[in-house]
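[1] have a look at this prediction, sequence included:
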Number of protein chains: 2
Amino acid sequence: MRIGFVGLGVMGTPMATNLMAEGHDLFLYRGREGLGGTHCRSAAEAAAEAEVVILMLPDTPDVENALFGDQGVAEGIKPGTLVIDMSSISPTATKTFAQRIQDQGCEYLDAPVSGGEVGAQQATLTIMVGGKPDVFARAKPLFETLGKNITLIGAIGAGQTAKVANQIVVGLTIEAVAEALLFAEKAGADPAVVRQALMGGFAQSRVLELHGERMVNKTFDPGFRIRLHRKDLALAIQAAAELDLALPNTAATQQLMNAAIADGDGDLDHSALYKTLRRS
Amino acid sequence: MRIGFVGLGVMGTPMATNLMAEGHDLFLYRGREGLGGTHCRSAAEAAAEAEVVILMLPDTPDVENALFGDQGVAEGIKPGTLVIDMSSISPTATKTFAQRIQDQGCEYLDAPVSGGEVGAQQATLTIMVGGKPDVFARAKPLFETLGKNITLIGAIGAGQTAKVANQIVVGLTIEAVAEALLFAEKAGADPAVVRQALMGGFAQSRVLELHGERMVNKTFDPGFRIRLHRKDLALAIQAAAELDLALPNTAATQQLMNAAIADGDGDLDHSALYKTLRRS
């Protein structure tokens, strides 16, 4: 399949590589030297060559600019093209973007992922999709090349909503584990032993297993950067205001991420919230 | 073995039953009719008959009273008796209680549990123990009759510290899942589908699986009552003040539990924090 790929960063590069390994023809903007595929001079040019255009960009304004800015995707696509935004951005803005793309006779899916750089490399990403079922069916073989747990959550925007929900759970669980292990340590117990004991009961989680171990060993190389997680919680807080919804611990955890970034720890793994709490 | 058992409530009754089924002679205070074992008129009387005395009581003052109050355990025990407090109480008070018991030539373990009424009935409790290794070894066969994941965490009080850490993780993870599923619902996605999608990634936890399902189905029968969980978080907050430690999300979650209790939901399962947030 001819695929335009916009956004070749830490996540996009291994994803595009996996698609090429499956035999697809990729049109990249902007790919690094030596990546293979066809390098294009703009998002419009990558889109003009493709049946499917995938975006993998940092934030809502980046996606808006890549789609509708000068030499953007919207200038290149033909009717029938499928645009898949795999970035993690605002659920509300997603609905607007999708409408504008559909108005050009094209299709749209929001399909944010979780699983990080390792998941992108190993093609084990969790993919949460919003859009029409028949459009989802069209994209599914591509998703299966990129990830493992692939779910059509609901209509346009529902993928982004699920991703925000995911980031709430992950961020707040990391914060919970940090409070608990720090409590244990300050009270004189060995946090490594406490973590192990807690793994056997209701406190068990992937976060206690993986991020808890990072806290115990005090190794905070990313992983997933606090700076990026703060952005995801900002999406939650912004949407919560639109929905008249109280998210007290999401708000408090975002504040703690502000403190971490102020401490110079924004590029550490999110498990470094433990350091921030310890210092406070 | 001759075992004194003080505190035959929701947890203590099935625990005592499991010990009797294993062939131990139990001296109960205060057991209900039809429970079997020998019924005693005071904690002192139950303790006087026993090599090991187990306490399973609601809170720190209950344990203090059962140990050192009028006709309490301390009046009944002989040198060499092992006192095991399986209640969930203050780690700090535990150290004082243990010292006083040891001053009588007896041994002491703190051994709080997690796993709830079902875990007590099925003998699958997680047991977190504080005390000396040789005393732990003496008690281990009894623990194996009561539970499955049995860990010597450290010195006296370390069991209670681990239990508090457990309750921080469980309480805050429930709150996190409640915020996330409520966000999904208010944003127009199906929380059941979102929960299922999140189970495949870093958001996975026993809480998302079990308590998340209760939130999706809106079935909040206990389980573990909000009222009791608030007590456990109060132990965390009290100890945090003694340790000069900031536990922001533990504090906020305890406040939310106050709101739940004010709403008349104190005897619902802790997953009902979802209701409290929804109402706020």
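    That came in fine, so what should we check first? Residues are numbered from 1 along each chain as shown, chains lettered A, B, ... in the order given.

[2] could you use CA atoms for every contact and neighbour count after this?
    OK.

[3] buried sites along the strand or helix carrying residue A:136?
    For residue A:136, the enclosing helix or strand under DSSP states H and E is helix A:133-146. Going by neighbour count (16 or more other C-alpha atoms under 10 Å in any protein chain shown), the buried part of helix A:133-146 is A:136, A:139-140, A:142-146.

[4] right, and the helix or strand after it?
    strand A:147-154.

[5] so which elements touch that following strand?
    Contacts defined by 3 or more C-alpha pairs under 8 Å, 6 or more residues apart in numbering or on different chains; DSSP states H and E place strand A:147-154 against strand A:125-130, helix A:133-146, helix A:158-186, helix B:191-198.

[6] relative to residue B:248, which of the ones you listed is closest?
    helix A:158-186 (8.4 Å; C-alpha to C-alpha).

[7] within reach of chain B, which of the buried residues of helix A:133-146 are there?
    Filtering the buried residues of helix A:133-146 for proximity to chain B by C-alpha under 8 Å from any C-alpha of the partner chain leaves nothing.

[8] and those, which is closest to residue B:129?
    Within the buried residues of helix A:133-146, the smallest distance to residue B:129 is 45.2 Å, found for residue A:146 (C-alpha to C-alpha).

[9] wait, the closest one touches residue A:125, no?
    Yes - using C-alpha atoms under 8 Å, residue A:146 is in contact with residue A:125, at 6.4 Å.

[10] ok, then the element right after the helix or strand harbouring residue A:255?
    According to DSSP H and E, residue A:255 maps onto helix A:248-262. Sequence-wise, the next helix or strand downstream of helix A:248-262 (DSSP H and E) is helix A:273-279.

[11] by proximity to chain B, which residue of the stretch 151-280 of chain A wins?
    Proximity of the stretch 151-280 of chain A to chain B (C-alpha to the nearest C-alpha) peaks at residue A:205, 3.9 Å away.

[12] count the neighbours of residue A:213 for me.
    Other residues within reach of residue A:213, judged by other C-alpha atoms under 10 Å in any protein chain shown, total 17.

[13] tell me the contacts of it?
    A:192, A:195 (C-alpha atoms under 8 Å, 6 or more residues apart in numbering or on different chains).

[14] report the distance from the helix or strand where it lies to the chain centre.
    Using DSSP H and E, the element containing residue A:213 is helix A:206-217. Its chain's C-alpha centre and that of helix A:206-217 lie 20 Å apart, by C-alpha atoms, centre = their mean, to the nearest Å.

[15] quick check: buried residues in the following helix or strand past it?
    The helix or strand immediately downstream of helix A:206-217 is helix A:226-243, counting by DSSP H and E. Neighbour-count burial for helix A:226-243, counted by 16+ other C-alpha under 10 Å, picks out A:226-237, A:239-240.

[16] do the same with stretch A:34-47
    Result for stretch A:34-47 [16+ other C-alpha under 10 Å]: buried residues A:37, A:39-40, A:42-47.

[17] and the residue located most distally from the centre of chain A, its phi and psi?
    Residue farthest from the centre of chain A, counting by C-alpha atoms, centre = their mean, is residue A:188 at 37.5 Å. When read as degrees, to the nearest 10, the backbone of residue A:188 gives phi 100, psi 10.

[18] so it touches residue B:159, yeah?
    No - Residue A:188 lies out of contact with residue B:159 (C-alpha under 8 Å); the separation is 11.0 Å.

[19] re the thing from before, the helix holding residue A:255 versus helix B:248-262: what angle between them?
    Compare the direction of helix A:248-262 with that of helix B:248-262 by axes from the mean of the first three to the mean of the last three C-alpha atoms, to 10 degrees and you get 170 degrees.
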